[in-house]
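1. quick one, structure for this:
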Amino acid sequence: MVVGGGQAAASTILKLRALGDERPIVLFTNEKLAPYQRPNLSKKYLRGELEISDLLVRPLEWYPAHGVELQLNRTIEAIDRTAQEVRLSDGSTQSYSNLMLATGGEPRRLPAAIGGDLAGVYTLRDVADADRLAPLFTAGKRLVIIGGGYIGLEAAAVGAQLGLDVTLIEMAERILQRVAAKETSDYFRDLHQRHAVRILENMQLIRMTGDGGKVSKVEISTGESLPADFVIVGAGISPRTALAEAAGLEVDGGILVDAAGRTSDPSILAAGDCATFDWNGTRIRLESVQNATDQGEAAAATLAGQESNYRPVPWFWSDQYDVKLQIAGLNRDYRESVIRPGTREQAMSVWYYRADQLLAVDAMNDARSFMTAKRLLQKGISPSQELVRDPQSDLKALLQT
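-> A predicted model of the protein is given here:
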């Protein structure tokens with residue numbers, strides 16, 4: 001049994017079938033769709049360039065043809081680990097031999113006390129959110145975005161491209177401060193400002209107000225009141241762990257899993273945004289398609305009796321305007337960041353180091369640097385910072401040693 005409708009759920013099922021496991025599978029999701037890909041919700045889907053069918057991991061007919069029973073719009077309310085069964089919202093129960101939790105994450109919302117419950121205040125996490133937002137993205141509308149992470153910046157890019165008046169508010173000193181070096185923040189601030197997005201950093205949101213229960217103004221710490229036809233809150237996500245917690249599974253910032261994907265109950269596994277695992281001696285939770293895919297596949301291997309340790313080299317991406325950002329590795333606890341100039345317009349990369357150890361790379365319109373960095377990280381090779389700074393140096397040659 002699989003719970004969830006995202007990439008981790010789909011990857012688990014696909015890998016099980018690829019490994020020759022023919023046991024019947026039931027997938028429960030509280031959404032109206034079969035498993036679908038979420039990254040383009042804030043990009044091409046929001047711009048109207050993709051249909052829902054383009055988002056599906058597999059066509060609807062694939063599932064019954066491969067022994068997978070889809071239970072759409074169904075919510076599981078409780079897990080009885082002793083009886084090995086789940087209880088659904090309609091009171092019915094269904095048994096399992098193994099249970100896969102791919103419950104994902106819940107977007108953080110703003111408190112009602114500052115207007116978070118007003119109509120016209122949205123989050124962007126699933127296809128229902130995108131469907132509600134898409135009709136509002138019309139030229140001349142005034143959009144205020146709360147949060148300067150990747151979701152907020154991607155939504156800002158779509159808004160600017162479609163002719164909206166976009167203002168983005170970031171509480172921290174700079175956009176992307178939690179996830180990127182100053183050089184990357186500077187790059188994307190400049191990119192958005194060239195597309196007429198107003199970015200307000202180190203800015204506190206005071207409250208959102210409106211007449212008739214609908215947002216119309218956003219008050220900020222300078223005393224300014226920003227007019228708003230609608231607001232998007234991009235304040236990150238919280239892992240959906242309530243089901244696991246109520247069942248008595250170990251949870252610490254996510255559902256705790258081992259390298260094989262098992263929770264504290266060996267008959268229950270977890271993967272994706274909801275799961276936390278050991279990475280180089282520290283517990284982490286990764287919010288990325290790469291992690292959802294690879295961790296889901298690792299869990300499937302465990303279910304199929306082909307257990308292996310999940311040891312990721314994380315990678316991520318973001319599309320904004322005509323810029324593709326590709327990230328390899330994790331920059332946690334970096335001490336230095338080094339710029340490597342690109343060979344074409346708007347191309348550059350930022351390389352993260354702790355002493356002499358390469359940790360991660362942000363590559364903007366520089367697929368060559370991204371691919372080279374990813375392979376270097378996989379092989380545990382750290383080029384010198386001097387070599388990285390020199391755009392004429394051949395970093396790929398290090399891979400031949």
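2. go ahead and confirm D21 touches A304.
-> Yes - judged on Cβ atoms under 8 Å, D21 makes contact with A304 at a distance of 4.5 Å. In short, each C-beta sits where N, CA and C put it, glycine included.
3. any idea how far the residue nearest to G210 when sequence neighbours are not counted is from M364?
-> What sits nearest to G210 in space, not counting adjacent residues and going by Cβ to Cβ, 6 or more residues apart in numbering, is S216, at 4.0 Å. S216 sits 36 Å away from M364, going by Cβ to Cβ, to the nearest Å.
4. ranges for the helices of the stretch 251-400 of the chain?
-> Secondary structure of the stretch 251-400 of the chain by DSSP state H, counting those that start in this stretch: the helices cover 289-303, 367-379, 385-389.
5. show me what contacts D333?
-> The contact partners of D333, taken as Cβ atoms under 8 Å, 6 or more residues apart in numbering, are 354, 359.
6. quick one, phi psi at it?
-> Dihedral angles of D333 (phi, psi; degrees, to the nearest 10) stand at phi 60, psi 30.
7. for M171, same thing?
-> According to degrees, to the nearest 10, M171 has phi -70, psi -40.
8. can you read off the pLDDT for it?
-> At M171 the predicted local distance difference test score is 96.
9. and the strands in the stretch 301-401 of the chain?
-> 315-320, 323-329, 336-341, 348-354, 357-364 (DSSP state E, counting those that start in this stretch).
10. and the angle from the first one to strand 357-364?
-> This points to strand 315-320. Orientation of strand 315-320 against strand 357-364 (axes from the mean of the first three to the mean of the last three Cα atoms, to 10 degrees) gives an angle of 20 degrees.
11. cool, the third one as well?
-> Between strand 336-341 and strand 357-364, the angle formed by their directions is 40 degrees, by the same axes, to 10 degrees.
12. just the CA atoms of strand 336-341, as CSV, please.
-> Only the C-alpha atoms of strand 336-341 are listed here, as CSV (Å, rounded to 0.1, in the frame of the first residue of the first chain):
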residue,chain,number,x,y,z
GLU,A,336,33.9,30.1,1.2
SER,A,337,32.1,30.7,-2.1
VAL,A,338,34.0,31.0,-5.4
ILE,A,339,32.6,32.4,-8.7
ARG,A,340,33.5,30.7,-11.9
PRO,A,341,32.6,32.9,-15.0
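13. of S216 and M364, who's got more company?
-> The residue with more neighbours, out of S216 and M364 and counting by other Cβ atoms under 10 Å, is M364; that gives 24 against 19.
14. hmm, T29 and I13 touching each other?
-> No - the pair I13 and T29 does not pass the contact test of Cβ under 8 Å, sitting 11.7 Å apart.
15. between these two, what contacts are shared?
-> Contacts common to I13 and T29, judged by Cβ under 8 Å, 6+ apart, are P35.
16. neighbours of G305, just the number please.
-> 8.
17. what about the strands in the stretch 1-150 of the chain?
-> Using DSSP E, counting those that start in this stretch, the strands assigned to the stretch 1-150 of the chain run over residues 2-3, 25-28, 68-71, 76-80, 85-88, 93-95, 99-101, 105-107, 121-122, 142-146.
18. looking at the third one now, give me its mean pLDDT.
-> Read that as strand 68-71. When the per-residue pLDDT values of strand 68-71 are averaged, the result is 97.
19. for this protein, what helix or strand is lowest in average pLDDT?
-> Within the chain, judged by mean pLDDT, DSSP states H and E, the helix or strand with the poorest mean is strand 282-284; its value is a mean of 91.
20. phi first, then psi, for the residue nearest to S42 when sequence neighbours are not counted.
-> Residue nearest to S42 in three dimensions, not counting chain neighbours: E154, with 4.2 Å by Cβ to Cβ, 6+ apart. Dihedral pair for E154: phi -70, psi -40, per degrees, to the nearest 10.
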